[in-house]
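J.: Sequence and predicted structure below; questions after.
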Amino acid sequence: MPRPSRFSPEVRTRAVRMVVEHEAAHDSQWAAITSIAEKIGCTAETLRKWVRQAEVEDSELVAKVCPLLSEAVRLVAHRVIRNRGTVGGSLAHADPTAELATAALALDADLRLASPRGPRDVPVHTFFDSPFVTVLEPDEMLVEVRLPPRPSGEGWAFEEVAVREGDFAIVAVAALATLGGGVFRSVRIAWSGIGAIPASASRLAEALQGLEPGDPRVEASIADAASRLEPPGDVRGSPDYRRHLARVLTLRAVQMAAARSAGGARS
């Protein structure tokens, strides 16, 4: 005998209506996307084959040549989401705390946009305009993400704090570091959750170059940079809490990247 429902007929009817409306909206959005795609020479089948986040997660090649991306993508939501979500889709969505946007900034990605007017290339650091808004024009699509080759011996790390596993990050940090002679020869750091859009910590990265990883000035420089941030406050964390997370996670990420560079690890 079937169990009686805990919900009234009115609630069940409303729930079914919401599902139908959601599917209709999805179909309408997909039709709009495929219409633009056809104008720039992409078929609907091509769109469906664009790189899924799960493919990046499972790729041994990505893990070998771009381990930061491999590490970051594992923190995107849950596997069921990564099975459908694409790398380009995440970037175009422009969530202020998106892991892939943070990683793309650290990796200095270039983005290829296409429209009926032709293609144009945009550096990722100019792509994000405000929360959930990019420089994409109404008739443009993000069709390619280009990541420059990483130098030999570069270490990497991606750190974040979220309320629960799979939740949006409160603060996330991506770091890349290359050591030479026991000191930082190159450093790249990107933050998210500390402003309206993900951002590169270029000045901090420059301040760390030439220092040994264990030098007290590394921690002091990171603390100073974090103290100057002006993050928003919301139900997940106050501005002071986000500054604290930025300081702790950046130090952790930089030290991990340095250790991996020193050890030549690729795992």
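T.: Yep, it's here. Residues are numbered from 1 along each chain as shown.

J.: Check the secondary structure at residue 250 for me.
T.: Following DSSP: H, G, I helix; E, B strand; the rest coil, we place residue 250 in the helix state.

J.: pLDDT weak spots in the stretch 1-150 of the chain?
T.: 1-50 (pLDDT under 70).

J.: and if we set it to 90?
T.: 1-52, 84, 115-116, 141, 143-144 (pLDDT under 90).

J.: Just give the nearest non-adjacent residue to residue 105, would you?
T.: residue 190 (3.8 Å; C-beta to C-beta, 6 or more residues apart in numbering). C-beta coordinates here come from the backbone N, C-alpha and C atoms, glycine included.

J.: got the phi/psi numbers for that neighbour?
T.: phi -130, psi 140 (degrees, to the nearest 10).

J.: Do a quick rundown of the strands in the stretch 101-250 of the chain.
T.: 110-115, 118-123, 128-130, 133-134, 141-146, 154-162, 169-180, 183-192, 199-200 (DSSP state E, counting those that start in this stretch).

J.: quick one, phi psi at residue 150?
T.: Dihedral angles of residue 150 (phi, psi; degrees, to the nearest 10) stand at phi -90, psi 140.

J.: and the gap between the residue lying closest to it once chain neighbours are set aside and residue 188?
T.: Leaving aside its sequence neighbours, residue 150 sits nearest to residue 66 (C-beta to C-beta, 6+ apart; 6.4 Å). Counting by C-beta to C-beta, to the nearest Å, the gap from residue 66 to residue 188 is 13 Å.

J.: what does residue 167 give?
T.: 26 Å.

J.: Please apply the same query to residue 99.
T.: 16 Å.

J.: So what's the residue count around residue 129?
T.: Applying other C-beta atoms under 10 Å, we find 13 other residues in the vicinity of residue 129.

J.: scratch that, residue 80
T.: Residue 80 has 10 neighbouring residues, counting by other C-beta under 10 Å.

J.: in which helix or strand would I find it?
T.: helix 79-82 (DSSP states H and E).

J.: Quick check: which helices or strands does the helix or strand following that helix pack against?
T.: Next along the chain after helix 79-82, taking DSSP H and E as the criterion, comes helix 87-93. In this structure, helix 87-93 makes packing contacts with helix 53-58, helix 99-106, strand 141-146, judged by 3 or more C-beta pairs under 8 Å, 6 or more residues apart in numbering; DSSP states H and E.

J.: quick one, which of these is nearest to residue 178?
T.: Nearest to residue 178, of all these, is helix 99-106, at 12.9 Å by C-beta to C-beta.

J.: which residues sit against the closest one?
T.: Helix 99-106 has contacts (C-beta atoms under 8 Å, 6 or more residues apart in numbering) with 53, 68-69, 72-73, 75-76, 87, 90-91, 94-95, 124-125, 128, 145, 147, 158, 160, 169, 172-176, 188-192, 198-200.
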